[in-house]
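> Would you be able to build a 3D model of this:
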Amino acid sequence: MAWWNSKQDLRSPNTTADDLLRFLKHHSIIRAGKEPIFLTTGKPAAWLIDTRVALLDPCMSHNIAALMWEKAESLLPFQLSCLEVTGIPLMVAIQAYALSVGHKVNGVIIRRERKSHGRQRQIEGELNEFPIVHVDDILNSGASIRGAAGALAICDRTISHVITLIDYRVNGVKEALATENIQTHSVFSLDALGLKKGVVDKGLRPGLFEIAWSYSTDCSFAADTVPKSNPVCDGTSVYFCSDSGECAALRQTDGCLVWKFRAGAYGPKRIRSTPALYQGHIFVSSYDGNLYCLDKNTGRLIWTFEGADWIGSSPCIVPELGGVAVGLEHALPGERGSVVLLDLATGAKRWERYTSAYIHSSPLYISDANLIVLGANDSVLYAFEGNSGRQIWSVDTGGPIKSRPGYDAVSHQVVVGSFDKHVYAIDTRSGQVKWRTATCGSIYSEPLIVDNSIYIASTDKSLHILERETGTSKTRLDVGAKLYSSPSSHLGRIYFATTAGVVYEYDPIGEQLTGQSQLPERVTNKIAYGEDSGLFFAATLDGKLFALRHL
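Next up is the predicted model:
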C-alpha cells in the first residue's frame, strides 16, 4: 500500500504541498547509482528530476494541479499553453482542476516541430482572445520558454506569465524573461528538494532580434529537413523562394510585395535553390526542371532554360564568361546529373558535362583559376575548365556532396563538406587533397572563410571552426540541435541557425556566442542581411520569411 492516504481530501491546502514534496523526494529524484543518467551534452549526471513519475500518479497529479492553480488563479482570465511531452499531462491536470472549482480554461499544445503530415500544425488547439499563461514542470535555462514564445509569435501572440512546478533558479533567467515581458512563478525551488546544480549554467543569452515583419507563402510542405532557398538581398528588396513554387520580391523595410513569380510544380519539391542576382536580372532554378531568368524589378520572364528533369542546384553567375552555371538532374539512367553553362543574355547552352549521379550541389566559379567546381551524389568533387567544360580534376570524398564549395584565395584551396562526415581542402591547381578534418555528422553546409578561420556546420549539432591552412579544429560550438544552415558573416559577427529554430550570433574576436533568438520553426537556410535596411532575414522550413531587427 502507498505511503499516502488515497482517501484523503486531496484539495485540502494543508496536505498538498507537504505530500507532493515528499513524493518528489522519494520517487521523482533519480540518482546515478540506480541507473545511468546523462546531460544533454552527453556527459554523465549525478541526478535528475523525473516529474512524469508524479504527473502519471493520479493523486500527485491532482496535487500538482491544485498548487499550480493557486499560483494562476489571480491572473484570470487567461488561457494555458504547454510544450509536448511533459507539459501535456500537466496542462490537462490543471484544466481538470480548474473545471472542478468552476473555471473553464482553454489550452493549446505547442509542438517542438511542426508536423510534416496530417494537418501540419505546430500549435494544437485553438487560441482565444485571453492572455496566455504557459505551464511547464521545470524552469531551468529558459530556452524551452523562448521556443514556445517563438511558436506563438507567428500568431501574433505572446506569453504573459510562466508557472512551473520547480524553479532551478539559474542566475539571470527570470531577469532575462522579464525583459521580454514574461513573468515567472513556481511552486518549489530546487533547494526545497535538497538539491543543487552541479554544473554552472550561464542562463539565457541576451535576446538577439525582434521580428520587424514576416511574410508567408502558401507552402504546405514542412517535410524534408534539408537546406532550401536562402533569402537574397540587394539595395531595396529581399528575394525569397520556397517549396510553394513562389519567388517573391519584397521591400526590405516593411515586407510589402513588389512582385511574385510562380514556377511549375513537381510534388512537394518546387523551388529549393537560392536565386542569383546580376545586373537587373534574377536567376531562379526549380524542381520543374527549368531555370528562369526574370527582370528583378518587375518579375517579368525574360528567358527559360528547359534542359533538365529537375533542378535543385542554385545558379552561379560567371560574369567573366558572360554565363550562368547550374547543376542539373536527369531521369536518364547512367547520366543522372550534369553541369551546364548557359549564356546570360539568352539562356542558350554553351556546354554540358554529365555525371553518373544526381547533382544537388551548387557550382562555385573560381575566377583566378577559371574553374567551375561542384560536387555530386556520386561522392566526387569535379572541377571543369570554365570556357570549354573540360574536366580538369576530380576528388572522391567517400560520401555525397550536397553543398556549394568555398574558396580560399590566399591558399588557393577549395573547401567542401561531405556526407562522409569530413571537411576537405583541395588544391585548385593540382586537385590534391591538402587536408581532411572529421566531424561527427553529415555536412550540408557551405563553408564560410573569414580571416584565418573556416566556419562549417554539421548535423552533429555543432558549428566547427577550423584553422584555414591546416584544417585543425580551433573550436566546436555544440548548440544541441542539428545544423543544416550555412553560416554567414555580417558586421563582424558570424550568424547561423538550427533545426530548433534558434538563430545564434558568434563573436570571432571574443570567441563566444553573444546572443540568440527563437523562431517558430526549423531554420535550415543561411541568414541574410540588408545593408541599407539594417535588417536580417531568416527563412523557416514552412515557407515563411522573417525580417529581424537586431536588439
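
> Looking at per-residue confidence, what score does residue 194 get?
At residue 194, the pLDDT value in this model is 89.

> For it, which residues are in contact?
By CB atoms under 8 Å, 6 or more residues apart in numbering, residue 194 lies in contact with residue 25. Where C-beta positions appear, they are placed from N, C-alpha and C, glycine not excepted.

> What's the separation between residue 45 and residue 38?
Residue 45 sits 6 Å away from residue 38, going by CB to CB, to the nearest Å.

> Pick out whichever of these two has more residues nearby.
Shown here are residue 45 and residue 38; by other CB atoms under 10 Å, residue 45 has more neighbours (16 against 11).

> Excluding chain neighbours, what is closest to the more buried one?
Spatial nearest neighbour of residue 45, chain neighbours left out: residue 37 (4.5 Å); criterion: CB to CB, 6 or more residues apart in numbering.

> Could you double-check that that neighbour lies in contact with residue 44?
Yes: taking contacts as CB atoms under 8 Å, residue 37 lies within contact range of residue 44: 6.7 Å.

> how close does residue 184 get to residue 142?
According to CB to CB, residue 184 and residue 142 sit 9 Å apart.

> who has more neighbours, those two?
Shown here are residue 184 and residue 142; by other CB under 10 Å, residue 142 has more neighbours (24 against 18).

> okay, the more buried one: pLDDT?
Confidence score, pLDDT, at residue 142: 86.

> try the one 3 residues further on
According to the per-residue confidence, residue 145 scores 91 in pLDDT.

> That one - how many residues pack around it?
Neighbour count of residue 145, defined by other CB under 10 Å: 25.

> How about it, nearest residue that isn't a chain neighbour?
Closest residue to residue 145 in three dimensions, ignoring its sequence neighbours and counting by CB to CB, 6+ apart: residue 162, at 5.7 Å.

> State the helix or strand in which the one you found lies.
strand 159-167 (DSSP states H and E).

> quick one: low-confidence parts of this structure?
Within the chain, the stretches with pLDDT under 70 are 1-15, 39-42, 115-116, 198-205, 220-223, 266.

> let's go with 50 and repeat that
Across the chain, the ranges flagged by pLDDT under 50 are 1-14.

> where along it do the helices fall?
Along the chain, counting by DSSP state H, helices occupy 16-23, 52-55, 58-72, 87-100, 143-153, 173-179.

> Now distance to residue 515 too, for the ones you listed, in TSV please.
Shown next, in TSV, are these (distance: least, CB to CB, whole Å):
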stretch	distance to residue 515
helix 16-23	37
helix 52-55	33
helix 58-72	31
helix 87-100	26
helix 143-153	12
helix 173-179	11
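
> Can you say which of these is nearest to residue 343?
Closest approach to residue 343 among the helices of the chain (CB to CB): helix 143-153, 44.7 Å.

> quick one, which of residue 37 and residue 44 is more surrounded?
A count of neighbours by other CB under 10 Å puts residue 37 above the other of residue 37 and residue 44, at 15 against 10.

> ok so, going back, out of the helices of the chain, which is closest to residue 441?
Closest to residue 441 of the helices of the chain is helix 143-153 (CB to CB; 21.2 Å).

> just the angle between that closest one and strand 159-167, please?
160 degrees (axes from the mean of the first three to the mean of the last three CA atoms, to 10 degrees).

> Which strands and helices lie in contact with helix 143-153?
Here helix 143-153 touches strand 79-83, strand 107-110, strand 132-139, strand 159-167, strand 512-518, going by 3 or more CB pairs under 8 Å, 6 or more residues apart in numbering; DSSP states H and E.

> Determine the angle, from 0 to 180 degrees, between the first one and helix 87-100.
Spelled out, that is strand 79-83. Orientation check (the same axes, to 10 degrees): strand 79-83 against helix 87-100 gives 160 degrees.

> what do you get for the last one?
Here the directions of strand 512-518 and helix 87-100 differ by 50 degrees (the same axes, to 10 degrees).

> and strand 512-518, which residues are buried?
Residues of strand 512-518 classed as buried by neighbour count (16 or more other CB atoms under 10 Å): 513, 515-518.

> Please convert the residues you listed to a markdown table, extending it with distance to residue 113.
Below are the buried residues of strand 512-518 laid out as a markdown table (distance: CB to CB, whole Å):
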| residue | distance to residue 113 |
| --- | --- |
| 513 | 22 |
| 515 | 23 |
| 516 | 18 |
| 517 | 17 |
| 518 | 13 |
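
> Count residues in the vicinity of residue 392, would you?
Other residues near residue 392 come to 18 when the count uses other CB under 10 Å.

> that older thread, neighbouring strands of the strand holding residue 162 in the sheet, and parallel or not?
Here strand 159-167 is paired, per DSSP bridges, with strand 132-139 (parallel), strand 183-189 (parallel).

> Quickly compare those strands and say which is most buried.
Looking across those with neighbours counted as mean count of other CB atoms under 10 Å, the highest average goes to strand 132-139: a mean of 23.

> Identify whichever of the strands paired with strand 159-167 lies nearest to residue 225.
Residue 225 sits nearest to strand 132-139 of all the strands paired with strand 159-167, at 25.5 Å, using CB to CB.

> Run through who's touching the closest one.
By CB under 8 Å, 6+ apart, the list of residues contacting strand 132-139 from outside reads 49, 51, 55, 68, 72, 75, 78-83, 86-87, 90-91, 94, 144-145, 148-149, 152, 157-168, 170, 173-174, 184, 186.

> Show me which of these are buried.
The buried subset of these (16+ other CB under 10 Å) comprises 49, 51, 55, 68, 72, 78-83, 86-87, 90-91, 94, 144-145, 148-149, 152, 157, 159, 161-168, 170, 173-174, 184, 186.

> Against residue 261, how distant is residue 47?
57 Å.

> neighbour-wise, which of those two wins?
Each of residue 47 and residue 261 has its neighbours counted (other CB under 10 Å); residue 261 has more, 20 against 15.

> ok, back up a step: now do the contacts for the residue nearest to residue 145.
Residue 162 makes contact with 133-136, 139, 145, 177, 182-185, according to CB under 8 Å, 6+ apart.
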